[in-house]
Each structure stands twice: as C-alpha cells, then as structure tokens.
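S.K.: sequence plus predicted model, see below.
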Amino acid sequence: MKKHLRSLACLALASMPALAFASGAIEGDVKQQATNWHAIIMFLAFVLLTMGVTYWASRRTRSAADFYTAGGGITGFQNGLAIAGDYMSAASFLGISAMVFDKGYDGLIYSMGFLVGWPVILFLVAERLRNLGKYTFADVASYRLQQTPVRSFAATSTLVVVAIYLIAQMVGAGKLIQLLFGLPYTYAVLLVGVLMVCYVLFGGMLATTWVQIIKAVLLLCGATFMALMVLSSVGFSPELMFEKAVAAHAKHAAIMAPGKADPVDSISLGLALMFGTAGLPHILMRFFTVADAKEARKSVFFATGFIGYFYILTFIIGFGAIMLVLNQPGMMETITKDGKQVTQLIGGSNMAAIHLANAVGGDIFLGFISAVAFATILAVVAGLALSGASAVSHDLYASVIKKGKANEADEIRVSKITTVVLGVVAIVLGLVFEKQNIAFMVGLAFSIAASANFPVLFLSMFWKGLTTRGAVIGGFIGLLSAVILIVVGPAVWVDVMKHKTALFPYKNPALFSMTLAFVTTWLFSVLDTSRQAEEEKSKFDAQFVRAMTGIGASGASKH
Amino acid sequence: MNEDVLKQVQSNPKFQELVQKKTSLGWTLTVVMLVIYYGFIMVLAFSPATLGTPLGAGTTMTVGIPVGILIILSAFVLTGIYVNKANGEFDQLNREIVEETKQ
C-alpha cells in the first residue's frame, strides 16, 4: 500500500502542474537557451494581431454588459473555441505531451480527467447558469440569498483562485520564455502583465474572448500538422508508431500500460478535475457571453469536441516525440541533477513537443509552435484578470458596497482600476515567486474551486433548503479545508517546507474538502430556522422556473 | 417574475413535462458519464494489468488505447445527444410555455 501511495504521489505530482504549464519547467532552475528569433518574431506578430483585435473591440465596448460579457454576442461555436482555448493551455500542450513522452499511457489518463467534467457541466449546470446569471457566478449563487454575505464569499474565493492561478501562470511564463525564446525571466513577467492589462482594460470580454479564439485556432492547426507528420512518418499505421516508440523508450512495453495508482488519491484527483472546472470563475463567466441557453449548450458541445480532439493529438505528439526525438543526435543533453549525471531532452521533457516541431517542420515551424505556446499564457491570464476584476467591481463594489445602486460608468471604472491593480500584483508576485516551487498551485486552485465555489453554486440551483448561513459557512469551510489540507499534505509540507512526512497523506484533498463543504452547507442550512431562511426557501420556485425556462433571464444579446 | 406568471407556468402541464424530461435526461447522462469514467478509474486502481493487455498476439497496441480513445469519444457523443434533444424537443416545449404564459 505504501509503495502504491508513493508511486501515486509521483504520478499526481507530475500531473497537477501539467494543468497550467509544463511541469518540469517550473521546478528548479531552468537554463536559458539561445535566443530564438523565429519564435520571437512570430510571437510579436501574434501580439500585433491581438492588439489590432483589442483596438477593434475597444470601439464596441461601451456598457458594463459589453465589458463583462461582450454584450452576449458571442456565438456557441466561438464560445466553444474560447472555452477550449482556456483548457488548451501551455500546460496541456507541453505538459501532457511531456507526460506521454515520459510515461506513455498515463498521459492519456490525465487528459481524460480534464475532459469528462465538461459533459457533466452541460447536463447539470450550463443552461441554468445562463438563465440565472448576468456577469458572474455569484449572480447565480446569491440569486435568492442575502447579497452582501454571499457575494462577499464568492468574491473572496474568486480572488483567491484567480491570484493562485495567476502566480502559477506568471512563473510558468517566466520559465517558458527562457526555454522557448532564450530571453530572461523578468521580460516574460513584465510582458505578460502589461499585455494582460491592455487586452482587458481596452477590449474587455470581447478582446479577451477573441484572443483566446485566435490562439485556440493556431494551436489546433499547429498540433494537427504535427500529428499528421508523425502519422505520415509511419505510413498512418498506429501499430507501427507504437512498435517504434516501445523500441526507443527506456521503459519499453511499460509505456503501453497504466502505472500504479492509489484509489483514494485517483478518485480525489478525478473529483477535483471534474468539479473544479465547474467552479472556476474564469470558466463560468464564459457562459454569460452567449445569447441564451441554446447557445450555452452548443458552447459546451463544441468545447468538448475541440478539447477531446486536442488531447488525442497530444497523445500522438507524445508518442511521435518518443519515436522521432528521443535519443536523436542534437536533441539530448547531459546535466547534473542532485549530484547525478542525467541524460535528458535539451531543456527537459516539457520541450518534447517543441523539439518534435523542429523535427517535423524545421526552424520556422519550431518558431511558430514556441510562439503559440507562449501566447497561450497571455490568453489565459487575460481571462483570469477579467474574472477577478468583475468579482471586485460587480460583486463587491456594485452589490456589497453600493447595495446595487452603483451607476454603470462607476462600476466599469472600478473594474478597470482593479484590472490595473491585478496586473501590478501579478507582476510583483511573479517576481517574488521566481525561485519557489509552485507546482502545487494549479492543483490548489482546482481543489478550492471544487470545494468552495462548486458546492454553493450547485446547491443554490438544486436544493430548495439552501440558506445564506449555510452557503457562507459551508463555502468558507470548503475554501479553508482545501487550503489547509494542501498545506499539510505532501505537496507543501514535504516538498516545499521540507518536513519528513506529511500530516495529511493525500496530495488531492478534494474528496475530503468537497464532502466537508457539502455536509456543512447542508447542516447549517437545516439548522437555520430564521424567518429570513424561510423567505429564501420560498423564493426557490421562482428561481427554478427561470432556471428551467429562461423566463426573465437577462437577455444580454444586442444582435 | 410576478406571482401570476409563476403560478401560470407552474400549473402548465407542458412545464411539468419539460422539467421531467430535461431533469431525467440530464441526470441519466450524468450517471452514464460518471459510470464510464469512474469505472475506468476503478479498473486503473485495482486491475491496471487489464488495460495493459495486448490487443492480439504479437501486437504492441494494448486494450487501454482504444478504451481511452472511446472514453474521449463518449464524452463528445453524450454531449451531442443532450444538445440535440435540448435544442430541438426541449426548446420547442420551452417556446410553447413562454408563448402560453404571455397570453
């Protein structure tokens, strides 16, 4: 059992950071590579294009609805691409192909975990969310509850998730720029921070969505080309590809089978991935950018298709890298790691997809893929910044401080100020955390989203008995327990704080913290016999009718 | 939404039908997805060798590869089933409810 746990811990350790960025790239020192001009020029072209889009968007962004939700004018297909873009991060692309490159089959397992949350979001959450909400998920959670406490809770947990996710992206960007462009860490952090603020400040949700769509299309095209080149090199016979990979890989046939995993941690990870997605504020806000429930459904359908297709591509790319890059002359380096000589891919396994790009498409294509991999971080942080800004301006300022009586111009001004502040904070944190091991952070963000946001959001839509007291206490307990269990678990207690053994044995707390959140939310709701609680319960029927039919829903569309 | 509209919608048999159909399809498909995924996780946890069995004598490809691809496809197909039903039949019902409520 112990052995199981250890191997699982390794597996989980390798898997979580892959969500946001290439796993190894953020652990320890990264050696700056030679300056890659092709990549830099293509990246600048991307920046110019997206700045053009931002300028176009800025002329169409006037009202608060424009700023937060692009006026509800995004189609289901476009939104599906944008959602897929949020998912196809540098992480999934470099991280999952690296995982396939290192371990073979296990890489596929993790892509599945990320994907299967989407159908469930569609069946249970997506259209209710669209019918009930306007700008933020707190609109839905606080629909029939007390505005001040519920929105304060939702804004707090949104900001915590956004901050953690931003740090992870910033540090990941800093490490990647050294590897991909051969430029210093600080450049990346400043560049990402400044561009993120520009997109959001001037172009609002419209620019943020289109930056994500452009990146998603570029990445899908690039990955498709790579997968086709890999398959054509084996005459489109997967069997031949697997044979060659097994022959080349040090683990041989083991790459065709799953490694060992502990059931509790696997289930916990699965829960965090599945329900974390349904609680991530920057993902949830995308459901408000479409006209109605019908388009919201279509968004998820297209997103699931694109994400699934993309993961199959990364699987082929990972095997292609084993076949075409591993142990090839000019691709490997020998470094000293923990006092031992290790032969690895130049720049580490996370560079597998990048080296493969070189192998199948030469310098120019290498530059293209590097530029797209970096652009991906920009697109993700812009979404994060916007969701943090709307939590502050829409939930805290307009609803809590001004009690719903803020004028629209002021509300937009507050969200723009917040965007700038978030940009500065992100840059500072990016610089402060440069030397820290932050591999656990994306896992933490998913666990918090699954343990704090999701239970409250879910119960507010599905359970009549939910009261303000239950939602706020249960939500905060979920948030705190997720944070505490990660801190005393192996990821922080052992790996960061260097204690010998962890106080909490599992790397993924979601199974425990999410259950705790559900139980306490239920308990404190049931115990709440106040008159206010009765009123809140009595409003459920009207909420239910609107959630089901969309009667009275905010029709944000101007098209 | 005022009380009248609420009562009107709630007492509309089409609303009952919509709720019943939408809820049961949503939960059925959710359960199907959960069973597929957690079934896979259970096999992974308790019998990983099963997935590592070669597809046939002398082949390198293992059972796990098509199973993995099928799970990814199943996610897409299940969403397709729901969207097809909801954007067609359910939305039609929904439109009728909205129209009848206006009168």
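M.R.: Now that the structure is in, tell me what you want to look at.
S.K.: nearest to chain A within chain B, name that residue for me.
M.R.: residue B:52 (2.6 Å; CB to the nearest CB). Using the backbone N, CA and C atoms, a C-beta is placed for each residue, glycine as well.
S.K.: touching, residue A:95 and residue A:350? I think so.
M.R.: Yes. Contact status for residue A:95 versus residue A:350: in contact at 6.7 Å, counting by CB atoms under 8 Å.
S.K.: and the residue of chain B closest to chain A, its phi and psi?
M.R.: Torsion angles at residue B:52 (phi, psi; degrees, to the nearest 10) stand at phi -90, psi 0.
S.K.: list the contacts for the spatially closest residue to it that is not a sequence neighbour?
M.R.: Distances taken as CB to CB, 6 or more residues apart in numbering or on different chains put residue A:257 closest to residue B:52, at 2.6 Å, once the chain neighbours are dropped. Residues near residue A:257 by CB atoms under 8 Å, 6 or more residues apart in numbering or on different chains: A:104, A:105, B:48, B:49, B:51, B:52, B:62, B:64.
S.K.: mind listing which of those are in helices?
M.R.: Those of the contacts of residue A:257 mapping onto helices are A:105, B:48, B:49, B:51, B:64, per DSSP state H.
S.K.: and of those, the nearest to residue A:183?
M.R.: Of all the ones in helices among the contacts of residue A:257, residue A:183 sits closest to residue A:105, with 35.4 Å by CB to CB.
S.K.: and the closest one, how far from chain B?
M.R.: 6 Å (CB to the nearest CB, to the nearest Å).
S.K.: neighbours of that residue, how many?
M.R.: Around residue A:105 there are 25 other residues, counting by other CB atoms under 10 Å in any protein chain shown.
S.K.: rewinding a little: which of the contacts of residue A:257 has the weakest pLDDT?
M.R.: Least confident of those in the model: residue B:48, at 84.
S.K.: and the stretch 451-559 of chain A, which of its residues are near chain B?
M.R.: Counting by CB under 8 Å from any CB of the partner chain, the residues of the stretch 451-559 of chain A lying close to chain B are A:541, A:542, A:545, A:546, A:548, A:549, A:550, A:551, A:552.
S.K.: how about the residues you listed, which pair is most distant?
M.R.: Maximum distance among these (CB to CB): 15.7 Å, for A:541 and A:550.
S.K.: ok, back up a step: out of the ones in helices among the contacts of residue A:257, which end up buried?
M.R.: The neighbour count (16 or more other CB atoms under 10 Å in any protein chain shown) marks A:105, B:48, B:51, B:64 as buried among the ones in helices among the contacts of residue A:257.
S.K.: who are the contact partners of the closest residue to the third one other than its chain neighbours?
M.R.: Nearest residue to residue B:51, sequence neighbours excluded (CB to CB, 6+ apart): residue B:64, at 3.5 Å. With contacts defined as CB under 8 Å, 6+ apart, residue B:64 is in contact with A:105, A:108, A:256, A:257, A:258, B:51, B:52.
S.K.: cool, residue A:271 as well?
M.R.: A:450, A:508, A:510, A:511, A:514.
S.K.: show the pLDDT at the residue nearest the centre of chain B.
M.R.: By CA atoms, centre = their mean, chain B has its centre lying nearest to residue B:29, at 2.8 Å. For residue B:29, the pLDDT comes out at 97.
S.K.: could you name the specific helix or strand carrying it?
M.R.: Per DSSP states H and E: residue B:29 is located in helix B:13-46.
S.K.: cool, and residue A:442?
M.R.: Per DSSP H and E: helix A:441-448 holds residue A:442.
S.K.: list the buried residues for that helix?
M.R.: Buried residues in helix A:441-448 (16+ other CB under 10 Å): A:441, A:442, A:443, A:444, A:445, A:446, A:447, A:448.
S.K.: would you turn these into JSON lines with distance to residue A:231 and pLDDT?
M.R.: Below are these laid out as JSON lines (distance: CB to CB, whole Å; pLDDT from 0 to 100):
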{"residue": "A:441", "distance to residue A:231": "36", "pLDDT": "82"}
{"residue": "A:442", "distance to residue A:231": "31", "pLDDT": "79"}
{"residue": "A:443", "distance to residue A:231": "33", "pLDDT": "79"}
{"residue": "A:444", "distance to residue A:231": "38", "pLDDT": "85"}
{"residue": "A:445", "distance to residue A:231": "35", "pLDDT": "89"}
{"residue": "A:446", "distance to residue A:231": "33", "pLDDT": "89"}
{"residue": "A:447", "distance to residue A:231": "37", "pLDDT": "91"}
{"residue": "A:448", "distance to residue A:231": "40", "pLDDT": "93"}
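S.K.: same list (the residues you listed) but as a markdown table, adding distance to residue A:265.
M.R.: Shown next, in a markdown table, are those (distance: CB to CB, whole Å):
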| residue | distance to residue A:265 |
| --- | --- |
| A:441 | 18 |
| A:442 | 16 |
| A:443 | 11 |
| A:444 | 15 |
| A:445 | 18 |
| A:446 | 14 |
| A:447 | 12 |
| A:448 | 18 |
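S.K.: tell me which of those is nearest to chain B?
M.R.: Closest to chain B, out of all of those and judged by CB to the nearest CB, is residue A:446, at 16.2 Å.
S.K.: show the contacting residues for the closest residue to the closest one other than its chain neighbours.
M.R.: Spatial nearest neighbour of residue A:446, chain neighbours left out: residue A:276 (3.4 Å); criterion: CB to CB, 6+ apart. Contacts for residue A:276 were tallied using CB under 8 Å, 6+ apart; they are A:117, A:445, A:446, A:447, A:449, A:450, A:454, A:510.
S.K.: and the helix or strand hosting residue A:204, how far from the chain's centre?
M.R.: Of the helices and strands defined by DSSP H and E, residue A:204 is found in helix A:185-233. Helix A:185-233 sits 14 Å away from the centroid of its parent chain (CA atoms, centre = their mean, to the nearest Å).
S.K.: hmm, whichever helix or strand comes after it in reach of chain B?
M.R.: Per DSSP H and E, helix A:185-233 leads on to helix A:238-248 as the next helix or strand towards the C-terminus. Yes. Residues of helix A:238-248 contacting chain B under CB under 8 Å from any CB: A:238, A:239, A:242, A:243, A:246.
S.K.: ok, how many other residues are close to residue A:146?
M.R.: Residue A:146: 17 surrounding residues under other CB under 10 Å.
S.K.: that one against residue A:532, yeah?
M.R.: Yes. Taking contacts as CB under 8 Å, residue A:146 lies within contact range of residue A:532: 7.2 Å.
S.K.: in chain A, where is pLDDT below threshold?
M.R.: Applying pLDDT under 70 to chain A flags residues A:1-29, A:554-559.
S.K.: next, count neighbours for residue A:529.
M.R.: If you count neighbours by other CB under 10 Å, residue A:529 ends up with 8.
S.K.: mind listing what's buried along stretch B:4-23?
M.R.: The neighbour-count check on stretch B:4-23 (16+ other CB under 10 Å) flags B:6, B:8, B:9, B:12, B:15, B:18, B:19, B:22 as buried.
S.K.: just the closest residue of the stretch 201-350 of chain A to chain B, please.
M.R.: residue A:257 (2.6 Å).
S.K.: follow-up on the earlier one: near chain A, which of the buried residues of stretch B:4-23 show up?
M.R.: Checking the buried residues of stretch B:4-23 against chain A (CB under 8 Å from any CB), the matches are B:6, B:9, B:15, B:18, B:19, B:22.
S.K.: closest one of the residues you listed to residue B:71?
M.R.: When those are compared against residue B:71 (criterion: CB to CB), the nearest one is residue B:22, at 25.2 Å.
S.K.: residues touching the closest one, list them.
M.R.: A:548, B:86, B:90.
S.K.: contacts for the helix or strand encompassing residue A:48 next, please.
M.R.: Assigned by DSSP H and E, residue A:48 belongs to helix A:37-60. Helix A:37-60 is contacted from outside by A:66, A:71, A:180-181, A:183, A:195, A:198-199, A:202-204, A:206-207, A:210-211, A:214-215, A:218, A:363-364, A:366-368, A:370-372, A:374-375, A:378, using CB under 8 Å, 6+ apart.
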